[in-house]
Every structure is written in C-alpha cells, then in structure tokens.
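>>> model this:
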Amino acid sequence: METYKIRPEEDFIKLGQLLKACNMVSSGVEAKIEIQNGNVNLNGAVEIQRGKKLHDGDIVSFNGREIKVIR
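Numbers count the residues shown, from 1 in each chain. Below you'll find the model as predicted:
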C-alpha cells in the first residue's frame, strides 16, 4: 500500500485531487469520470463524490492501487 501525506497547512485533500496527485489519472476530468462511474473505492465502499474530503487514515482504491492518506 502506498501513502500520500497531506500538506502541513491543510487538514484534508479532496478525492479528485488525490487521484491526480498520485498520478492515478491524468486530469481532473478523468478523475470526475472514474469517480462518477463508481470505479473508485474509499475505505472499502464505492465513492461517487469527487469533492469528498479525505483525512488521515482514509484508504482510496482505484485500478489495482491503494493509497492511504496520512498527516
């Protein structure tokens, strides 16, 4: 499992931003499409809100990769 560290000045990262930051998608539009199509899991359940706020301990699964959000 990979990790993504939230920037110190922020409390969260949005789901679509995380997919882009981790190079899981190439653009915000692609992130939106993948999320809306139900292809992204958050903590083991399908998540369809691309603006969903992710916090320390959240785990995102997409396309065979898992990313754990850490502070």
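
>>> got phi/psi on the residue lying closest to residue 49 once chain neighbours are set aside?
Nearest non-adjacent residue to residue 49, counting by CB to CB, 6 or more residues apart in numbering: residue 15, 6.9 Å away. Every C-beta, even on glycine, is put in place using the N, C-alpha and C of the backbone. Main-chain torsions, residue 15, degrees, to the nearest 10: phi -60, psi -50.

>>> separation between residue 15 and residue 50?
5 Å (CB to CB, to the nearest Å).

>>> okay, those two: which has more neighbours?
residue 15 (24 against 19; other CB atoms under 10 Å).

>>> I'd say the residue nearest to residue 49 and residue 39 touch.
No - assessed by CB atoms under 8 Å, residue 15 is found out of contact with residue 39, at 11.8 Å.

>>> so what strands line up beside the longest strand belonging to the chain?
Assignment by DSSP state E gives strand 65-70 as the longest strand of the chain. Sheet pairing of strand 65-70 (DSSP bridges) gives strand 2-5 (parallel), strand 59-62 (antiparallel).

>>> quick one, helices of this protein?
15-21, 28-36 (DSSP state H).

>>> model confidence for the residue of the chain most remote from its centre, exactly?
Here the chain reaches farthest from its C-alpha mean at residue 9, the gap being 18.4 Å by CA atoms, centre = their mean. On the pLDDT scale, residue 9 is placed at 93.

>>> ditto for residue 2
On the pLDDT scale, residue 2 gets 96.

>>> over to residue 67?
For residue 67, the predicted pLDDT is 98.

>>> next: residue 60.
At residue 60, pLDDT is 98.

>>> residue 66 is in contact with that one, correct?
Yes - shown here, residue 60 and residue 66 form a contact pair, counting by CB under 8 Å, at 7.1 Å.

>>> what about those two, which has more around it?
Higher neighbour count among residue 60 and residue 66: residue 60, with 24 against 12, using other CB under 10 Å.
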